[in-house]
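**Student:** Need coordinates for the below:
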Amino acid sequence: MAMPAFFDSTMYTWVVLPTLIFIARIMDVSLDTIRIIFINRHLKHYATVIGFFEVLIWLMAIRQIFQHLSNPFCMIAYAAGFATGNYVGILIENRLSIGKVIIRIITRRDADDLITFLRSAGYGLTIIDAEGVTGPVKVIMSIVERSNIEHIVEIIKQHNPLAFYSVEDVRFVSEAVTPYRLPGPRRWERFVSKMRKREE
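**Tutor:** Residues are numbered from 1 along each chain as shown. Got it, this is the predicted structure:
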């Protein structure tokens, strides 16, 4: 089938075109979600580039919509792509793990083991003695990369599973108070050293 004839076919109008609009909408809304996140993280150069491609894809999609206003499948695909794009954009952002967060840990139990382990892992901590509803508690705070959240939560569950913790985004961080993290090579050396001691 010749291409011009294919573009006028029922298959293209009712199946291929709505599918393309759906995919394009997922792409542009996902980019929009990521662009907003980059703006909040003050990554202006990345946000600018993403904004260019986002609008370009959107223009191509909306052009097809206006050319096929009588096709309800195109409108449904456009709306479905918008909804799916939001979901996909959030998934991508979680994978990227961009930016810093503050983790607050509140525990009634003795937190010495937890504090020691977190510090040995290279996390900078601020520890405050406080008073909770049921008595004295310790508040442990640290500013870390988003990619470290899962690691810290695992440490908390291992050493103090009943501790309460919360995670909040941080927009600005002074380099003077950014927690000290061991560089990659040193963390690897510590790991190798521990493994050698176990073998001995």
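**Student:** so I105 sits right up against L162, yeah?
**Tutor:** No. Here I105 does not reach L162: they are 11.1 Å apart, not a contact under Cβ atoms under 8 Å. (Each C-beta comes from the backbone N, C-alpha and C, glycine too.)
**Student:** between these two, who's got more neighbours?
**Tutor:** I105 (25 against 9; other Cβ atoms under 10 Å).
**Student:** How is the more buried one assigned, secondary-structure-wise?
**Tutor:** With DSSP: H, G, I helix; E, B strand; the rest coil as the basis, I105 sits in strand.
**Student:** which residues touch it?
**Tutor:** Neighbour list for I105: A111, L114, V139, I140, M141, I156, N160, A163, F164, Y165 [criterion: Cβ atoms under 8 Å, 6 or more residues apart in numbering].
**Student:** Please name the nearest non-neighbouring residue to it.
**Tutor:** Nearest residue to I105 in three dimensions, chain neighbours excluded: I140, at 4.1 Å (Cβ to Cβ, 6 or more residues apart in numbering).
**Student:** just I76 next, same as before
**Tutor:** If the residues on either side of it in the chain are set aside, I76 comes closest to P18, at 7.1 Å by Cβ to Cβ, 6+ apart.
**Student:** For that neighbour, grab the count of nearby residues.
**Tutor:** 23.
**Student:** got it, and I23?
**Tutor:** Quick note: I23 (other Cβ under 10 Å) scores 16 neighbours.
**Student:** show me what contacts it?
**Tutor:** Applying Cβ under 8 Å, 6+ apart, the residues near I23 are G81.
**Student:** Tell me the secondary structure at it.
**Tutor:** helix.
**Student:** what's the distance between it and M60?
**Tutor:** In this structure, I23 and M60 are 11 Å apart, going by Cβ to Cβ, to the nearest Å.
**Student:** that older thread, which neighbours do I105 and L162 share?
**Tutor:** In terms of Cβ under 8 Å, 6+ apart, I105 and L162 are not both contacted by any residue.
**Student:** what about E150, which helix or strand?
**Tutor:** Taking DSSP states H and E as the definition, E150 sits inside helix 149-159.
**Student:** quick check: domain ranges of this protein?
**Tutor:** 3-96, 100-182 (automatic domain parsing).
**Student:** so which of the ones you listed is the most packed in?
**Tutor:** Of all these, domain 3-96 carries the top mean neighbour count, a mean of 16, counting by mean count of other Cβ atoms under 10 Å.
**Student:** Residues contacting the longest strand belonging to the chain, please?
**Tutor:** The longest strand of the chain (DSSP state E) is strand 135-145. Residues from elsewhere that reach strand 135-145 (Cβ under 8 Å, 6+ apart): 97, 99-108, 111, 114-115, 118, 123-131, 152, 170, 173, 177-179, 181.
**Student:** relative orientation of that strand and helix 149-159 in degrees?
**Tutor:** Relative orientation of strand 135-145 versus helix 149-159 (axes from the mean of the first three to the mean of the last three Cα atoms, to 10 degrees): 150 degrees.
**Student:** So in that sheet, which strands flank strand 135-145, and in what orientation?
**Tutor:** Paired with strand 135-145 in the same sheet, following DSSP bridges, are strand 100-107 (antiparallel), strand 126-132 (antiparallel).
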